[in-house]
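Peer 1: Prediction below, plus the sequence it came from.
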Number of protein chains: 2
Amino acid sequence: MSSRVWVNGSADARIDTDDRGLLYGDGLFETILFVGGVAPLWRRHMQRLLRGCERLLLPAPDIATLAREATEVIKGMERAIVRITLTRGKGVRGYAPPQNPECTRVVAAFAPPSIAQDWYARGIRVRFADLTLASQPHLAGIKHLNRLEQVLARAEWNDPEIVEALLFDMEDHVICATAANLFVARDGRLSTPALDHCGVAGVARAEVLNALPQTQVRDIGRDELMQADEIFLCSSVRGILPVRELPGRAFEAGLFARAMQARWRELGLVEPEHAA
Amino acid sequence: MSSRVWVNGSADARIDTDDRGLLYGDGLFETILFVGGVAPLWRRHMQRLLRGCERLLLPAPDIATLAREATEVIKGMERAIVRITLTRGKGVRGYAPPQNPECTRVVAAFAPPSIAQDWYARGIRVRFADLTLASQPHLAGIKHLNRLEQVLARAEWNDPEIVEALLFDMEDHVICATAANLFVARDGRLSTPALDHCGVAGVARAEVLNALPQTQVRDIGRDELMQADEIFLCSSVRGILPVRELPGRAFEAGLFARAMQARWRELGLVEPEHAA
């Protein structure tokens, strides 16, 4: 029996309408790139998921079960995105979480988005979001299901030539893109925004920080962003994307982005036509 | 065919796992009290739902259809809570909302919670939440599906003697309870927090503001809260609840709460045993 979606261990593609994942966005998710049956960043995804469970007071899922189910849903796919969704399941109506929740887990496989070769080679055009991210330390960093800020920021533009938008906090620090983290280089030093009050701490970001441990994690203001020598975005689905244009500023793909693209090739995360 | 849950016009109690309501909390909801087959605050609920649709760029639902389905799911129930959930439906994976979304609507009936007579007569004990509400004007006031702040605030206590928690914003203004709005009286003047940067603008709050149009809508600091003569909470599910205790302060149920409880009886929103 082969299916692209499993719910709680069975081939299924539906959940109950009284699941707290739908009622309140009460849960977490991961989107994981598999290539040739393996997910090179699997451990980092699971680390973040467990961190999110601690933060939301959810029982930790069994990682071996998730791995087995992910392997099942991607059968026959050379490249696949697996989305794992973990919710607090059901309970009495109302915000109070059940004392002993039986979590709902959804493991679903999708075809990865097709990405223009040019995005990796020359870089992408990026706008500034009008929406400002709210500051909520209790939810910052984890990948929870409350994503209306990202939806509204992504709804601000339709131009297919613009790939992403950068979001700022209330103090005009740049935080992240709608679905990616960012790195900023100046004078040979790499920095990435601190994510202790908003933003999602991405798995690709963790991989870059691991590869380039001297990177500074700190607040980055708008002025500093505009004076950067190099900017790149990263995500586990789309990899390393140099920024070639922000409103009012053009950039060249730089050495840090190229080094991280090489690292992504080493990890086996790049499509053959992009590996040249 | 009688069922307590309808999804998109059919008796059903499940939605697809790739619905954006689950994926991102991309939608809205209302919880509406029906008594003897009618919902006295129906129009206010629908007004808020439509305001939420505008804010989230969702197509407006057909109100007559919602009314018909609500009437269907409560058949045979003298008192019922109807939860209407409206999501952006499905689309290509990713935050970008589909250009022409086919919304998912869930209309579900529940038995109302049983509420101690004493809560209405003497008032309730209320704590202060540790969690501070984030400031997000784009989402403030509407009843969207991103409710992790409320879930975490409600998870802070288990004591059944404590009925609610008050939440503050980053500037220490009181905003709301986890599932109710609040009104504060001093020297014969009633005030309620402004909800332009966080909080949910409740339907019961709108009814109180309509009944007492001289009420001030403004920022209320913690000091002022503690110096109040009278505080009451209101929600469409639980009605008018006087506060009899905050940490460090006892209160008597006051004239404003009694007047609004009388108004709730006029509207037919009170159980017979509470109507004495």
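Peer 2: Received the coordinates, thanks.
Peer 1: residues in contact with the closest residue to chain B within the stretch 151-276 of chain A?
Peer 2: Chain B sits closest to residue A:154 of the stretch 151-276 of chain A, with a gap of 4.0 Å, by Cβ to the nearest Cβ. For glycine as for every other residue, the C-beta is placed from the backbone atoms N, C-alpha and C. Contacts for residue A:154 (Cβ atoms under 8 Å, 6 or more residues apart in numbering or on different chains) come out as A:165, A:178-179, B:94-97.
Peer 1: if you set the cut-off to 7 Å instead, what comes out?
Peer 2: By Cβ atoms under 7 Å, 6 or more residues apart in numbering or on different chains, residue A:154 lies in contact with A:178, B:95-96.
Peer 1: quick one, phi psi at the closest residue to it other than its chain neighbours?
Peer 2: Spatial nearest neighbour of residue A:154, chain neighbours left out: residue B:95 (4.0 Å); criterion: Cβ to Cβ, 6 or more residues apart in numbering or on different chains. Backbone torsions of residue B:95, given as degrees, to the nearest 10, read phi -70, psi -30.
Peer 1: Near residue A:138, how many other residues are there?
Peer 2: 18 (other Cβ atoms under 10 Å in any protein chain shown).
Peer 1: Please name the residues that touch residue A:172.
Peer 2: Here residue A:172 is in contact with A:221-222 (Cβ under 7 Å, 6+ apart).
Peer 1: Quick check: the gap between it and residue B:179.
Peer 2: The gap separating residue A:172 from residue B:179 is 34 Å, by Cβ to Cβ, to the nearest Å.
Peer 1: and if you look at residue A:256?
Peer 2: Distance of residue A:256 to residue B:179, given as Cβ to Cβ: 48 Å.
Peer 1: cool, residue A:99 as well?
Peer 2: Taking Cβ to Cβ, one finds residue A:99 at 18 Å from residue B:179.
Peer 1: Looking at these two, which is more packed in?
Peer 2: Shown here are residue A:99 and residue B:179; by other Cβ under 10 Å, residue B:179 has more neighbours (22 against 7).
Peer 1: per-residue pLDDT, that one?
Peer 2: Note for residue B:179: predicted pLDDT of 98.
Peer 1: ditto for residue A:93
Peer 2: Residue A:93 is given a pLDDT of 85.
Peer 1: can you pull the contacts of it?
Peer 2: Shown in contact with residue A:93 (Cβ under 7 Å, 6+ apart): residue B:110.
Peer 1: any idea what sits nearest the closest residue to chain B within the stretch 1-150 of chain A, other than its immediate chain neighbours?
Peer 2: Going by Cβ to the nearest Cβ, chain B is nearest to residue A:25 of the stretch 1-150 of chain A, at 3.1 Å. The spatial neighbour of residue A:25 that comes closest, neighbours along the chain excluded (Cβ to Cβ, 6+ apart), is residue B:25 at 3.1 Å.
Peer 1: and what of residue A:57?
Peer 2: Nearest non-adjacent residue to residue A:57, counting by Cβ to Cβ, 6+ apart: residue B:155, 5.8 Å away.
Peer 1: can I assume that neighbour is in contact with residue A:56?
Peer 2: No - using Cβ atoms under 7 Å, residue B:155 is not in contact with residue A:56; the gap is 8.7 Å.
Peer 1: quick one: which of the two has more around it?
Peer 2: Ranked by neighbour count (other Cβ under 10 Å), residue B:155 and residue A:56 place residue A:56 first, with 23 against 15.
Peer 1: Next, see if the helix or strand that contains residue A:244 gets close to chain B.
Peer 2: Here residue A:244, judged by DSSP states H and E, is contained in strand A:239-246. No - counting by Cβ under 7 Å from any Cβ of the partner chain, chain B is not contacted by strand A:239-246; separation bottoms out at 14.7 Å.
Peer 1: who touches the helix or strand harbouring residue A:127?
Peer 2: Here residue A:127, judged by DSSP H and E, is contained in strand A:124-132. Outside strand A:124-132, the residues that touch it by Cβ under 7 Å, 6+ apart are A:149, A:152-153, A:156-157, A:161-170, A:241, A:243-247, B:138.
Peer 1: Could you pick out the buried ones from those?
Peer 2: Neighbour-count burial (16 or more other Cβ atoms under 10 Å in any protein chain shown) applied to these gives A:149, A:152-153, A:163-169, A:241, A:243-246, B:138.
Peer 1: Out of those, which is nearest to residue A:123?
Peer 2: Among these, residue A:244 lies closest to residue A:123 (Cβ to Cβ), at 3.1 Å.
Peer 1: for that closest one, what are its contacts?
Peer 2: By Cβ under 7 Å, 6+ apart, the neighbours of residue A:244 are A:122-125, A:250-251, A:253.
Peer 1: From what I see, residue A:85 and residue A:27 are in contact.
Peer 2: Yes - counting by Cβ under 7 Å, residue A:85 touches residue A:27, with 6.3 Å between them.
Peer 1: which residues touch the residue nearest the centre of chain A?
Peer 2: Nearest to the mean C-alpha position of chain A, by Cα atoms, centre = their mean, lies residue A:202 at 4.9 Å. Residues in contact with residue A:202 (Cβ under 7 Å, 6+ apart) are A:180-181, A:234-236.
Peer 1: can you do 10 Å?
Peer 2: A:41, A:44, A:48, A:141, A:143, A:176-177, A:179-182, A:192, A:195, A:208, A:233-237 (Cβ atoms under 10 Å, 6 or more residues apart in numbering or on different chains).
Peer 1: now swap in residue A:179 and tell me
Peer 2: A:31, A:147, A:150, A:153-154, A:164-165, A:200, A:202, A:233, A:235-238, B:94-96.
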